[in-house]
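Novice: below is the sequence, then the predicted model.
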Amino acid sequence: MEFLQANKDRPFFLYYATWLVHAPLVMRSEPLLRKYEQKLGVTLTEEHKTSWRQPGQTNPFYCAMVEQFDYYMGQIFDFLATTPDPRWPGHMLADNTYVIFSSDNGGMEGSRDEIYTDNAPLDRGKISLHEGGTRVPLIIAGPGIPKNVQTRVMASGLDFYPTILSLVGAAPHQQKQFDGCDLAPLLTGDPTNPTLVKAADGRPRDTLFWHFPQSENTSSIRVGDYKLFRRYQPDGWTSAVYRLTDSASGQPQRADIEEQRDLAMDNPQLLKRLDDRLSELIASSGGRLPYGNPQSGRPLPHQQQAPTILDQQLIGRSVQIRYRSNGADLAFADIIYSPNNGREWLRLPATIQDDTTVKAELPAEATHYFINLIDANNFLVIDPPVDRKTLARKELAFAD
């Protein structure tokens, strides 16, 4: 609020990333907690502060946090609606301000010890590529945008940057390539018309994809009405196909956003088309598939062909790895380093010099590092080997 007050007489951009509603679930307002105890018909105990186990949308802490967040947002909207715009006499700031309300992911349904909420009718939640993890609220309001219009046109957070530039009349950098699309023609025209969202080639955008192998071992793609959900297995992947919307009338209508009916067996041609398109997009964007573990106790094809690391040397800031090929060429080599004692990790490419040597330059700010070798069969070998017990020790260098 201080920022808005200080900048009300000039153009401003406010990015408000609130902690609400996010774990850990805490609430200092006793009256709010008691309100939702009564509303939900539950009784809180001291134990419930960290271990709510009742399923559904029944957690008073979560409900109270939602209301508190609503109050904070109301303060912003009230300020915009009641503060005169000094650059536009007779108008309030709300008449000259665009507001985008959204979320970076679907709601977190809970942890191992606690249930937060339930995203029903959507399946799953945060960290998942099912609809409960990727379908989020999106409200956009401002000058020239029709009010009280609901749309099922596909949009993404990637669209915000080009849309904001367009709405405020700012020209994008000539060499900037956007991953998202400009939603301004949709917002100021007919918000229910999906053909108004244009891709870089000028055609209506009908495709979005998600690639998140780090946690859930999954990828997904949305093409028009259909969504493919891919789950990676040690020996390949399996895919399901859902029809989220029905656009037979020209505008998308809700169909199976619950992802209850898998169409893969009924329509193998659609399955292959979506699967191939997803693989193409992952490859063209530099994405990688989950790596195989050559140390796995489960026999895997080509497991024995993974390379063996012989030794590693650090000379100045140069890292050299000698390895032995066991039948599979190297596809990638990376140096993974931390600039801050293991709190975050960054990746840089290493150089595969020949069939025995990999070299990499260690950034000056690096405090820790290790080397990844990935062979042509997508098996990953790490040096030094990652030991979970060792990693648990704070401030310990993997290699220094």
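Specialist: Thanks, I have it.
Novice: for residue 83, which non-adjacent residue is closest in space?
Specialist: residue 93 (4.9 Å; Cβ to Cβ, 6 or more residues apart in numbering). In this view, the C-beta of every residue, glycine as well, is placed from N, C-alpha and C.
Novice: against residue 366, how distant is the one you found?
Specialist: Separation of residue 93 from residue 366 (Cβ to Cβ, to the nearest Å): 46 Å.
Novice: what is the helix or strand that contains residue 133 packed up against?
Specialist: Assigning secondary structure by DSSP states H and E places residue 133 in helix 131-134. For helix 131-134, there is no helix or strand it packs on, judged by 3 or more Cβ pairs under 8 Å, 6 or more residues apart in numbering; DSSP states H and E.
Novice: contacting residues for residue 189?
Specialist: For residue 189, the contacting residues are residue 196, by Cβ atoms under 8 Å, 6 or more residues apart in numbering.
Novice: can you show me the helices along the stretch 251-400 of the chain?
Specialist: Counting by DSSP state H, counting those that start in this stretch, the segments of the stretch 251-400 of the chain that form helices are 268-284, 388-391.
Novice: now these in a markdown table, with distance to residue 132 and mean pLDDT?
Specialist: Formatted as a markdown table, the helices of the stretch 251-400 of the chain follow (distance: least, Cβ to Cβ, whole Å; pLDDT from 0 to 100):
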| stretch | distance to residue 132 | mean pLDDT |
| --- | --- | --- |
| helix 268-284 | 20 | 97 |
| helix 388-391 | 30 | 58 |
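Novice: of those helices, which is nearest residue 127?
Specialist: Closest approach to residue 127 among these (Cβ to Cβ): helix 268-284, 18.7 Å.
Novice: pull up the gap between the residue nearest to residue 83 and residue 140, please.
Specialist: Applying Cβ to Cβ to residue 93 and residue 140 gives a distance of 17 Å.
Novice: now do residue 17
Specialist: 17 Å.
Novice: of those two, which one has the most company?
Specialist: Per other Cβ atoms under 10 Å, whichever of residue 17 and residue 140 has more neighbours is residue 140, with 20 against 6.
Novice: am I right that the more buried one is in contact with residue 146?
Specialist: No. Between residue 140 and residue 146 there is no contact under Cβ atoms under 8 Å: 10.7 Å.
Novice: and the gap between residue 78 and residue 85?
Specialist: Residue 78 is 15 Å from residue 85, by Cβ to Cβ.
Novice: just name the most buried of the helices of the stretch 251-400 of the chain.
Specialist: Of all the helices of the stretch 251-400 of the chain, helix 268-284 has the most neighbours on average by mean count of other Cβ atoms under 10 Å, namely a mean of 15.
Novice: circling back to that earlier point, which outside residues touch the helix holding residue 133?
Specialist: Against helix 131-134 from outside (Cβ under 8 Å, 6+ apart): 105-107, 109, 119, 122-128, 210, 220, 227, 244, 257-259.
Novice: mind running it again at 10 Å?
Specialist: 105-109, 118-128, 156, 208, 210, 212, 216, 218, 220, 222, 227, 229, 242, 244, 256-259 (Cβ atoms under 10 Å, 6 or more residues apart in numbering).
Novice: can you name the next helix or strand after it?
Specialist: strand 138-141.
Novice: can you give me the offset of that following strand from its chain's centre?
Specialist: 19 Å (Cα atoms, centre = their mean, to the nearest Å).
Novice: pull that strand out as CSV, backbone CA atoms only.
Specialist: In CSV, the C-alpha atoms belonging to strand 138-141 read as follows (Å, rounded to 0.1, in the frame of the first residue of the first chain):
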residue,chain,number,x,y,z
LEU,A,138,-6.9,-16.1,-14.1
ILE,A,139,-8.8,-12.7,-13.9
ILE,A,140,-7.8,-9.8,-16.0
ALA,A,141,-9.5,-6.4,-15.7
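Novice: buried residues of the helix or strand that it is followed by, list them for me.
Specialist: Proceeding N to C from strand 138-141, the next assigned helix or strand is helix 160-168, under DSSP H and E. Neighbour-count burial for helix 160-168, counted by 16 or more other Cβ atoms under 10 Å, picks out 160, 162-167.
Novice: SS state for residue 219?
Specialist: Using DSSP: H, G, I helix; E, B strand; the rest coil, the structure places residue 219 in strand.
Novice: so what's it bridging to?
Specialist: residue 211, residue 230 (DSSP bridges).
Novice: does it touch residue 285 like I think?
Specialist: No. Counting by Cβ atoms under 10 Å, residue 219 stays clear of residue 285, with 11.3 Å between them.
Novice: flag the shaky bits of the chain, pLDDT-wise.
Specialist: Counting by pLDDT under 70, the chain shows low-confidence ranges at 387-400.
Novice: outline the domain layout of it.
Specialist: When the chain is parsed with automatic domain parsing, its domains come out as 2-141, 207-284, 303-391.
Novice: got CSV for those domains, with distance to residue 180 too?
Specialist: Shown next, in CSV, are these (distance: least, Cβ to Cβ, whole Å):
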stretch, distance to residue 180
domain 2-141, 13
domain 207-284, 9
domain 303-391, 24
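Novice: for residue 290, find the nearest of those domains.
Specialist: When those are compared by Cβ to Cβ, domain 207-284 sits nearest residue 290, at 4.4 Å.
Novice: that closest one: how far from the chain's middle?
Specialist: Here domain 207-284 shows a centroid-to-chain-centroid distance of 17 Å under the convention Cα atoms, centre = their mean.
Novice: could you do stretch 349-364 as well?
Specialist: Relative to its parent chain, stretch 349-364 has a centroid offset of 31 Å by Cα atoms, centre = their mean.
Novice: okay, how far is it across it, tip to tip?
Specialist: 16 Å (Cα to Cα, to the nearest Å).
Novice: excluding chain neighbours, what is closest to residue 364?
Specialist: residue 317 (6.8 Å).
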